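*Asks:* Got a sequence here, can you model it:
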Amino acid sequence: ALAGAGVSVATPLLAVSGDLLVQMASGRFASAIRWIEGEALGEAGVPLPGTPREQVARHRALGQLLAQLHEATDRLTLPGTFTRPLWDVDGLTGNAPFWGRFWEHPLLSLDQARQMRAARDFLRQKLIALDRGQASFGPIHADVLRENIIVSQNSLSLIDFDDSGLGFRLYDLGTVLSQDIHQPNFTELRAALIAGYQTRRSADVETVDLFTMARCLASVGWAAPRLPLDHPVHASHIARALLVSARVMGQTTTG
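*Replies:* Coordinates of the predicted model:
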């Protein structure tokens, strides 16, 4: 449906039977999508490629693409059988978040655990208030990382909808920015992403920052059961989540 609406995503291919999904003799299911030429926008843990000017231009284009994606999902009529993860208040900050109880990560010190609980409480209150304010909510990609953004000449495409579900639309922008926290031109990249999005839909810095925090916290929960405890990603994810949370909460406290 997204491809049919003109959104730059991988196009599904039909089997000879005309089906999108085929069950194999093993009982497993298979599907296929058309190949997209290009290279990933970047990778986790390393600086963005390209000049600062190119980085800003791509973030602006990405903002436009995400706005187009959200506009297309606004027009979808989802079937009753459509069940996907909920990236809502409880999915991000409930007792059983979709990616796990990040405030209980086994490598947290007592002080870090306290900070994580405070961040969770803060985020939950903000999201509840945002939800009551009728924030834009619906189908989202939910994993707009550099590795899932394909650059082909001057165009961008989205791949890997594995975590897509129903959630706050601006979570997609927060996910992008979660990988930009340590970029020296972070402020410019954030401004460009939001400006691109604003060409078609509304967004503001404060709310995008809130969802950047949400993504950083969720990533701590994601890593806990999936990576060995001696993996360096744990420490970097925890440090990033605490840094961003302190920054967002401090901005709110000081106005």
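
*Asks:* check contacts around the closest residue to Ala32 other than its chain neighbours.
*Replies:* Of all residues not flanking Ala32 in the chain, Leu13 sits nearest, at 4.4 Å (Cβ to Cβ, 6 or more residues apart in numbering). Every residue, glycine included, has its C-beta placed from N, CA and C. By Cβ atoms under 8 Å, 6 or more residues apart in numbering, Leu13 lies in contact with 31-34.

*Asks:* ok, of these, which come out buried?
*Replies:* Neighbour counting by 16 or more other Cβ atoms under 10 Å classes none of the contacts of Leu13 as buried.

*Asks:* ok, which pair from these is furthest apart?
*Replies:* Ser31 and Arg34 (11.6 Å; Cβ to Cβ).

*Asks:* anything in contact with each of these two?
*Replies:* 12-13.

*Asks:* Report the residue spans of the stretch 151-255 of the chain with pLDDT below the cut-off.
*Replies:* For the stretch 151-255 of the chain, applying pLDDT under 70 flags the ranges 252-255.

*Asks:* Break down it into its strands, ranges please.
*Replies:* 155-158, 165-168 (DSSP state E, counting those that start in this stretch).

*Asks:* and the ones you listed, which is most packed in?
*Replies:* strand 165-168 (a mean of 23; mean count of other Cβ atoms under 10 Å).

*Asks:* Listing partners with orientation, what would you give for it?
*Replies:* Paired neighbours of strand 165-168 in the sheet (DSSP bridges): strand 86-87 (parallel), strand 137-140 (antiparallel).

*Asks:* one step back: I'd like the contacts of Leu13 as JSON lines, with secondary structure appended.
*Replies:* Output for the contacts of Leu13, formatted as JSON lines (DSSP: H, G, I helix; E, B strand; the rest coil):
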{"residue": "Ser31", "secondary structure": "coil"}
{"residue": "Ala32", "secondary structure": "strand"}
{"residue": "Ile33", "secondary structure": "strand"}
{"residue": "Arg34", "secondary structure": "coil"}
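
*Asks:* Fine, thanks again, bye for now.
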